[in-house]
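J.: Provided below for reference: sequence and predicted model.
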Amino acid sequence: MTVINRVRVAWTGFTGGPGVSTFYFSESTVPGGSLRTFFQSFTTFCPNTVTINFPTTGDQIEDSDGTIVGVWTAAPTTPITGVGGATGYSGTSGMCVDWLTGTVVAGRRPMGRTFIVPLASVAYQNDGTISDTLVTSVLAAANTMITAFGDDFLIWSRPFAGRAASPGPPPVTEIPARDGLAVPVVGAKVPDLAVVLRSRRR
């Protein structure tokens, strides 16, 4: 059982907003310059109406069952505003970062994902993929953040209540309950692919 800090970065200033990017860190770690540096890496490709706001407080969670057990606090971090121009853009599309782990939980390695949405039109190439410059910049910033936080940057594999077997149809195999577990991020990848964000809560 481990206490972790949940950090929710808020996106505002665009149709379809607000949005939230959620991160998890160890109990002793709060957001600050290293998290801001990651977001700064792509602001030249965000519409100039977008503002990214960093919290000064948030929930502390028991990773085994998801219970809120406390509150963390931090000094203010300066918000970031997009500088990608005022041209047309889609409020629901952009790119993503996949956060990788090396720990096996229930037969799989948990993976996190941060959506970078919305992006300005300058973020896209003529074939509909993401700008090579942007992919390279975001990947470098993601790896820098992983190095800066070390084992304190986490992915939370949430607890599962279990599923009883059923004869069907179709038949359902029993899946036992398991506790949640927070595991360190060890790598990142940035797909060269435009994505659509259906929910603004991630």
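T.: Good, I have the coordinates.

J.: going by C-alpha atoms from here, please, whenever you check contacts or count neighbours.
T.: OK.

J.: what about the longest helix in the chain?
T.: helix 132-149 (DSSP state H).

J.: what about that one, average pLDDT?
T.: The predicted model assigns helix 132-149 a mean pLDDT of 97.

J.: please renumber the chain so that the first residue is 12 from this point on.
T.: Renumbered: residue one is now 12, and that last one reads helix 143-160.

J.: for that helix, the distance to its chain's centre please.
T.: 13 Å (Cα atoms, centre = their mean, to the nearest Å).

J.: tell me the helix or strand right after it.
T.: strand 164-168 (DSSP states H and E).

J.: related to what we said a few turns ago, buried residues in the longest helix of the chain, which are they?
T.: 145-146, 148-158, 160 (16 or more other Cα atoms under 10 Å).

J.: list of residues touching it?
T.: 45-46, 48-49, 52-53, 56, 108, 134, 164, 196-203 (Cα atoms under 8 Å, 6 or more residues apart in numbering).

J.: as CSV, could you dump the C-alpha coordinates of whichever strand or helix holds W22?
T.: Using DSSP H and E, W22 sits within strand 14-23. Taking Å, rounded to 0.1, in the frame of the first residue of the first chain, the C-alpha atoms of strand 14-23 are listed here in CSV:
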residue,chain,number,x,y,z
VAL,A,14,0.2,6.9,-1.0
ILE,A,15,0.5,8.7,-4.3
ASN,A,16,-0.2,12.3,-5.4
ARG,A,17,-2.7,12.9,-8.1
VAL,A,18,-1.9,16.0,-10.2
ARG,A,19,-4.5,17.4,-12.6
VAL,A,20,-3.3,20.0,-15.1
ALA,A,21,-6.2,22.1,-16.5
TRP,A,22,-6.5,23.2,-20.2
THR,A,23,-8.8,26.2,-20.8
